[in-house]
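Asker: give the three-dimensional model of this entry:
(one chain, ligands or ions: 3)
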Amino acid sequence: MALVTSTEMFKKAYEGGYAVGAFNVNNMEIVQGITEACREEKAPVILQVSKGARAYANHTYLVKLVEAAVIECPEIPIVLHLDHGPDFETCKACIDGGFTSVMIDGSAHSFEDNIALTRKVVEYAHAHGVVVEGELGTLAGIEDDVKVEEGASSYTRPEEVEEFVSRTGVDSLAIAIGTSHGAYKFKPGTKPQLRFDILDEVARRLPGFPIVLHGSSSVPQQFVDLINRYGGAMPGAIGIPEEQLREAARRAVCKINIDSDLRLAMTASIRQFFYEHPDKFDPREYLKPARQNIKEMVRHKLVDVLGCNGKA
Ligand code: G3H
Ligand code: 13P
Ligand code: ZN
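Answerer: Numbers count the residues shown, from 1 in each chain. Ligands and ions are numbered 1, 2, ... in the order given. Below is the predicted model of the structure:
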């Protein structure tokens with residue numbers, strides 16, 4: 001199967017009460033770990049690339065890695081998506097350069113400027129057979145080089161979503177209902193609670209329309225513990241409870257973004273390896289268990305959180 005857009009995936013996910021995983025990719029081992037789990041679990045998948053990933057690994061290397069995954073996993077549909085496109089030029093470069101989906105993140109702009117920028121990207125993307133994700137509302141946390149303090153974040157205002165979607169023509173919408181980017185989402189001792197009332201009101205106003213959740217890593221405590229045990233220092237790393245993500249997937253959320261959990265799985269494994277084998281220095285030896293750890297973490301997400309196993 002060639003790379004696909006997310007149109008059909010989201011339709012099936014909405015109707016089926018599950019979500020598709022959108023995992024950030026930065027190198028070969030991450031692409032392999034994710035797609036091997038998806039192939040074995042027969043799950044559709046979105047592989048997404050941030051501005052930082054393009055700067056780190058180079059656009060062409062990432063596209064070719066994803067194309068290799070398409071060849072290796074012909075049974076599953078794979079979307080190649082730009083995560084947090086910062087401007088029209090970056091979106092255009094990805095549309096021209098083989099992506100099947102882009103996000104234009106105009107959430108830091110005024111409502112009118114966000115609409116104008118998003119509309120411009122949609123016109124170009126749709127003319128080239130590419131779908132677009134827009135965003136309304138601001139998440140807390142770190143994305144690329146932008147850090148949004150907790151107090152500066154804002155929930156999506158449901159009364160704005162119909163106008164935003166109809167004036168921009170976006171194919172999916174990321175909303176802010178209490179998720180947050182990075183591994184330090186909440187202060188220790190606080191109880192994370194997603195605003196399902198906002199999600200449901202958005203869904204009521206946009207029936208059948210696919211909603212996206214960013215900042216949805218759950219920061220598995222076993223990885224944080226391993227990192228801390230083997231020389232790391234990540235006190236107070238807290239994520240979104242997985243049962244709340246599962247609940248969001250049952251409702252209108254069709255795409256759930258996970259990046260930090262991949263990083264934690266990889267880092268925990270590498271730290272443990274070096275602690276246990278201080279004499280080893282072959283990257284293949286320490287990246288192999290890291291890739292395996294990513295694969296098992298992703299399998300758990302597909303089956304127990306997203307509910308998209310067997311849906312390819
Ligand atoms: O939301 C942002 C993603 O986690 C990407 O992170 O910009 O460090 O690649 P990055
Ligand atoms: P996490 O930092 O929670 O993994 O969020 C990733 C994300 O939203 C990518 O766009
Ligand atoms: Zn994000």
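Asker: where do the helices sit along the stretch 201-312 of the chain?
Answerer: Secondary structure of the stretch 201-312 of the chain (DSSP state H, counting those that start in this stretch): helices at 221-229, 242-250, 260-276, 283-300.
Asker: between the ones you listed, which one is nearest to ligand 1?
Answerer: The closest of the helices of the stretch 201-312 of the chain to ligand 1 is helix 260-276. By CB to the nearest ligand atom, the value is 6.5 Å. Heads up, the C-betas are built off the backbone N, CA and C, glycines and all.
Asker: and the angle for the closest one with helix 221-229?
Answerer: With axes from the mean of the first three to the mean of the last three CA atoms, to 10 degrees as the basis, helix 260-276 and helix 221-229 are set at 40 degrees to each other.
Asker: coming back round to it: let me have the helices of the stretch 201-312 of the chain in CSV, adding mean pLDDT and mean neighbour count as columns.
Answerer: Below are the helices of the stretch 201-312 of the chain laid out as CSV (pLDDT from 0 to 100; neighbours: other CB atoms under 10 Å):
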stretch, mean pLDDT, mean neighbour count
helix 221-229, 98, 17
helix 242-250, 98, 18
helix 260-276, 98, 21
helix 283-300, 98, 18
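Asker: can you put the ones you listed in JSON lines and add distance to residue 193?
Answerer: Supplementary listing: the helices of the stretch 201-312 of the chain in JSON lines, determined by distance: least, CB to CB, whole Å:
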{"stretch": "helix 221-229", "distance to residue 193": "18"}
{"stretch": "helix 242-250", "distance to residue 193": "7"}
{"stretch": "helix 260-276", "distance to residue 193": "19"}
{"stretch": "helix 283-300", "distance to residue 193": "22"}
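Asker: can you lay out those helices as TSV showing distance to ligand 1?
Answerer: Shown next, in TSV, are the helices of the stretch 201-312 of the chain (distance: least, CB to the nearest ligand atom, whole Å):
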stretch	distance to ligand 1
helix 221-229	16
helix 242-250	16
helix 260-276	6
helix 283-300	15
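Asker: wait, which of these is closest to residue 196?
Answerer: helix 242-250 (6.9 Å; CB to CB).
Asker: for that closest one, packing partners?
Answerer: helix 196-205, strand 253-258 (3 or more CB pairs under 8 Å, 6 or more residues apart in numbering; DSSP states H and E).
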